[in-house]
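**Student:** predicted model and sequence follow; I will ask about them next.
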Amino acid sequence: MAQGTVQVTHTGTSRWRRRTGEYASLAAALEAAGDGDVLTIAPGTYRENLVVQRAVTLRGPEGSPGSVRIAPVDGVPLTVRASAVVQDLHIEGQDASAPALLVEEGAPELVDVRIMTRSSAGIEVRGGARPTARRCTVDNPAGIGIAVVDGGGGVFEECEVVAAAQSGVAVRGGAHPRLERCRVHHTSGAGLSATGENSALEAVGCEVYEVRGSGVQVTGRATAHLTDCDVHRTTADGVTLDTDAVLTLADCRIHDIPENAVDLRSRSVLTLTRTSVRQFGRNGLSVWDPGTRVDANQCEIFDSTGDYPAVWVSDGATAVLDSCRVHDVPDALFVLDRGSRADVVDSDLTQVRNTAVSVSDGATAQLDDCRIRDAATGAWFRDHGSGGTLSGCTIDGTQTGVIVTKGADPTIERCTVTSPAEAGFYVSAGGRGSFLNCRVTGSGGYGFHVIDGCRATLKKCRTERCARGGYEFADGGPGGAGGGGAIVEDCTSDESAGLRSVAAQETAVQTTAQSPGLLGIPSQRTTEQEPLLTAAPEPEKPARTSQDVLGELDALVGLESVKREVRALTDMIEVGRRRQQAGLKAASARRHLVFTGSPGTGKTTVARLYGEILASLGVLEKGHLVEVSRVDLVGEHIGSTAIRTQEAFDRARGGVLFIDEAYALSPEDSGRDFGREAIDTLVKLMEDHREAVVVIVAGYTAEMERFLSVNPGVASRFSRTITFGDYGPEELLRIVEQQAEEHEYRLGPGTVEALLKYFTAIPKGPTFGNGRTARQTFEAMVERHAGRVAQLAEPNTDDLTLLYPEDLPELP
């Protein structure tokens, strides 16, 4: 067969059709061919734009792969609109606005096709087309590797995308391809991406690596299912989910990721089964926003290469870990922000350099039948509103088993702490907590150490072989004055004196001084307990005046414009009250407010103080704060939202209802969202009970502006908007200084300058935490300080209190 010719073998049943002909061009051969005919193309370069509209076989000569080049000057080199077979062809495109191989109709077979092109896409499948591609290769440094769009589908087996300027495989517009044993690498965008409602991607036995974007990206209500796949060596996150995305990972491996191994946000849902996540630079699982959820079963997360928690759950998200292992990480699980929740069942958290479980900012964590081993701190419930349950857990080989501070109130039941270096359970700084049927054995310090008159409850607990004593109650002791102090019932110890039941409100008198120990836990010299005494109840503290509360507001770092706004509003209300007392007309001051600004700028704190101010002026009965978000107000079916909103409003009667991220009630793509029902219910309640509750809505500035613009009924009921600006480096430094003073640390030589430089350089993107970032920086410094000082044989007071520039964490 001459070079540059096409041989057509007609395979019809009639004698006239069973013949072979040669044609000088591919277009002529395709015109002459009918269904079932075979077109064998001689070696050469063909500058034609081909359109296959019949069920023919189009192939190169046997034994000469790559010898047939389809390379027109522009346009689409090859368009397939039938259930044809295309085999052993080399396709080149030069048109950046068109794909190299376009499949528009039918169920064609593409076998051993190599595409080296500079096109919008190497292969594009659209409409009702359902191709089967086997052993095809795409090299497209100008566009997408494989694009499946507008309802297209098909199966890609053992195919490879060796380069792409955008995504390796892109699925959108309701398309739904399946990839089997494919490799995607060296892309400048995501390795695999799926976006848009009804778009779905299935991948089995595939490998994604050496990509500059995310390995897998699923967004905009798309779904994906990956089985037995490897994602590794990306420059961005390993897997990214955003905006109602749904992804299932089964028997997959995600590793060697410099950023988050998996990051999901905005109501996305991830299910992992028997999947391993390792060698990640930031979080192994990073879960954000109300409605976002991850369920992990029989998974392993380990070998972090950075200084971040392995699992991060914040901003109202939910994580469930069942029969999982998390090990060799800086911190295992961080849950923070009101509405955030983590449920961990039958899992192992081991070899944790800092804290295995941290719960803060109003979050909740529940651990059932879990094992925590070899961590600095087993579980730390950090502040007011933070809580949850530890049930049937074992904590072994930690510095401190469980820490409860600053108003946190967890329930710890049937848990055993073995061989802690400092304390089994430590409660301080206003922490609470209920400890039921818990046991501490082999402590290097105390079993239960409760200080500052904290109101912890201990029932049926036991301590054994604790070096400093089984139970230590400093500054108030059990059943302290005024209801302060721990409540202890039926607790026992192997000490000779034991611990008497304290049913009659008894107080242990403590006679020792305290000095701060490592990790903020006071270490005490040997103590002697006097006989337990009965204490008279302390009288209830009188309510503070508005000036006292304004004084606390003035003491907050920064927020000068906020302070002026609140004081001006307070003055208006106070003068109006006095005018009424004098029989004069008083201007009607609307008390509902809009708070705008970034996270961590003090919105919740100011809302709490505002409620207390209004109570001191007699405007509100109680002045308490009830903080809610979308997850607290919006139900899952018709009618439930109104009930939830009514319940939240009722809890806030006499005080302040603070709705964080209020814009989430009215998403831009709301559709059949029930958030509108919450808004309507809230507006009616504000009108019907205008004197009973003050409502504050809060969130990011731009999102709140949109929220108010599309909900005029809401906007009309708020008197003013108060904007909370981001903290500057000097203000962040002042917060760290306050934290250091509160926890009895000092900033060493050069540390102030280093902190200013650090806060100047730290990225100020949308995830910047402002005051929270300052507090986290201080906590990181304390942990690094502890690691440094722990190596000293006999540290002095300066060693134990001074924080130096080297204690600063690395910039994120």
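**Tutor:** All right, it came through fine.
**Student:** which stretches in the stretch 651-800 of the chain count as helices?
**Tutor:** Under the criterion DSSP state H, counting those that start in this stretch, the stretch 651-800 of the chain contains helices at 675-688, 701-710, 712-715, 729-742, 751-761, 771-789, 797-801.
**Student:** for Gly401, find the nearest of the ones you listed.
**Tutor:** Closest to Gly401 of the helices of the stretch 651-800 of the chain, according to Cβ to Cβ: helix 771-789, at 16.4 Å. The way it works is simple: take the backbone N, C-alpha and C, and place the C-beta from them, glycine included.
**Student:** what's the average pLDDT for that closest one?
**Tutor:** Summarised as a single mean, pLDDT over helix 771-789 is 87.
**Student:** export the helices of the stretch 651-800 of the chain as JSON lines, with columns for mean neighbour count and distance to Leu333.
**Tutor:** Below are the helices of the stretch 651-800 of the chain laid out as JSON lines (neighbours: other Cβ atoms under 10 Å; distance: least, Cβ to Cβ, whole Å):
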{"stretch": "helix 675-688", "mean neighbour count": "18", "distance to Leu333": "29"}
{"stretch": "helix 701-710", "mean neighbour count": "16", "distance to Leu333": "28"}
{"stretch": "helix 712-715", "mean neighbour count": "15", "distance to Leu333": "37"}
{"stretch": "helix 729-742", "mean neighbour count": "18", "distance to Leu333": "23"}
{"stretch": "helix 751-761", "mean neighbour count": "17", "distance to Leu333": "26"}
{"stretch": "helix 771-789", "mean neighbour count": "20", "distance to Leu333": "15"}
{"stretch": "helix 797-801", "mean neighbour count": "14", "distance to Leu333": "29"}
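**Student:** right, so of those, which gets closest to Ser340?
**Tutor:** helix 771-789 (13.3 Å).
**Student:** so how far is that closest one off the chain centroid?
**Tutor:** Here helix 771-789 shows a centroid-to-chain-centroid distance of 21 Å under the convention Cα atoms, centre = their mean, to the nearest Å.
**Student:** for that helix, packing partners?
**Tutor:** Other helices and strands packing on helix 771-789, by 3 or more Cβ pairs under 8 Å, 6 or more residues apart in numbering; DSSP states H and E, are helix 729-742, helix 751-761, strand 802-803.
**Student:** and Pro99, which of the three is it?
**Tutor:** Three-state assignment for Pro99 (DSSP: H, G, I helix; E, B strand; the rest coil): coil.
**Student:** quick one, which of the helices and strands packed on helix 771-789 is nearest to Val162?
**Tutor:** When the helices and strands packed on helix 771-789 are compared for distance to Val162 using Cβ to Cβ, the nearest one is helix 751-761, at 38.3 Å.
**Student:** let me know the angle separating the closest one from helix 771-789.
**Tutor:** On the basis of axes from the mean of the first three to the mean of the last three Cα atoms, to 10 degrees, helix 751-761 is oriented at 130 degrees to helix 771-789.
**Student:** where among the helices of the stretch 651-800 of the chain is the average confidence lowest?
**Tutor:** The stretch with the lowest mean pLDDT among the helices of the stretch 651-800 of the chain is helix 712-715, at a mean of 72.
**Student:** which of the helices of the stretch 651-800 of the chain sits closest to Ala332?
**Tutor:** Smallest distance to Ala332 across the helices of the stretch 651-800 of the chain (Cβ to Cβ): 14.0 Å, for helix 771-789.
**Student:** what about the protein, any weak spots by pLDDT?
**Tutor:** Applying pLDDT under 70 to the chain flags the ranges 1-4, 11-19, 474-484, 496-543, 586-590, 636-640, 668-673, 712, 719, 766-767.
**Student:** which residue lies nearest the spatial centre of it?
**Tutor:** Centroid-nearest residue in the chain, with Cα atoms, centre = their mean: Val287, separated by 2.2 Å.
**Student:** quick check: nearest residue in space to that one, chain neighbours excluded?
**Tutor:** Distance criterion Cβ to Cβ, 6 or more residues apart in numbering; nearest residue to Val287, sequence neighbours excluded, is Ala317 at 4.2 Å.
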